[in-house]
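>>> any chance you could fold what I've pasted below:
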Amino acid sequence: MKQLNKKIFISMSAVILGGLILFTSGGKPSEINGTISPDIKEKIYFKEAVGKRAPGFEVESISGEIVKLNNYLGKNVVLFFNEGAMCYPACWDQIAQLGNDPRFETESIAAFSIVVDTKSQWLDIVSKSPNLAKAKILFDTSHSVSKAYDVLYLDSPMHPGALPGHTYFIIDKEGIIRFTLDDPNMALANDKLIKEIERLK
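Numbers count the residues shown, from 1 in each chain. Got it, this is the predicted structure:
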């Protein structure tokens, strides 16, 4: 009888734990490993990133497109790692401002916001927040891109190790990191980023 009760307890615990993981992930179990390239060989140390080649990655965007960083050689690329869905309103405002600023959508510049949330979470958010409709959101659900760019344990994350904070990279047309900014103040950085990009010309 004791063994039967123990088996029932273990089974119920497994079901509850599985449900908890699914609930907190905000989507289907398959979305937990949604990063297309979970094993990124190149990794950088944030404090020494400037002058280093940016780690390549392949992830899904909110539009369903598979975004490969290497396909953007020839453009200056801005990457904004952030705390995503739980970071309202600061991150949402930063993502929206980056997406709605025409200076970051030109023949020579592209800007992406990288989150570790699931696509379904952001489809729901965007459906209720029209100001986010133009944002180019990429999904690093496996955290592999965040780890490769060393953004999980900086000064800006409110949840170190679990979520990136408020961290920007500018990657030049040759794929070299030319500027980094980790901002615990969560300020809008568009003008500063544009000035840094203009210095690359």
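>>> now the residue positioned nearest the centre of the chain. Its backbone dihedrals?
In the chain, the C-alpha closest to the average C-alpha coordinate belongs to Ile114, at a distance of 2.1 Å (Cα atoms, centre = their mean). Its backbone dihedrals place Ile114 at phi -110, psi 120, with angles given as degrees, to the nearest 10.
>>> could you do Leu193 as well?
Leu193 has phi and psi values of phi -60, psi -40 when expressed as degrees, to the nearest 10.
>>> right, and it touches Phe169 too?
No - proximity of Leu193 to Phe169 does not meet the contact threshold set by Cβ atoms under 8 Å, at 9.9 Å. Backbone N, C-alpha and C define where each C-beta goes, glycine included.
>>> got any residues that touch both of these two?
Between them, Leu193 and Phe169 have Val78, Phe179 as joint contacts when contacts are counted by Cβ atoms under 8 Å, 6 or more residues apart in numbering.
>>> how about Lys43, what does it touch?
For Lys43, the set of contacting residues under the criterion of Cβ under 8 Å, 6+ apart consists of Pro55, Lys147, Ala148, Asp150.
>>> show the buried residues in these.
Pro55, Lys147, Ala148, Asp150 (16 or more other Cβ atoms under 10 Å).
>>> which of those fall within helices?
Lys147, Ala148 (DSSP state H).
>>> what's the closest of the buried ones among the contacts of Lys43 to Glu42?
Pro55 (3.9 Å; Cβ to Cβ).
>>> that closest one and Ala49 touch, don't they?
No - the pair formed by Pro55 and Ala49 falls short of the contact definition of Cβ under 8 Å, at 9.7 Å.
>>> overlap in contacts, those two.
With contacts defined as Cβ under 8 Å, 6+ apart, the residues shared by Pro55 and Ala49 are Tyr149.
>>> look up how far Leu138 lies from the residue nearest to the centre of the chain.
Applying Cβ to Cβ, to the nearest Å, one obtains 5 Å for the distance of Ile114 from Leu138.
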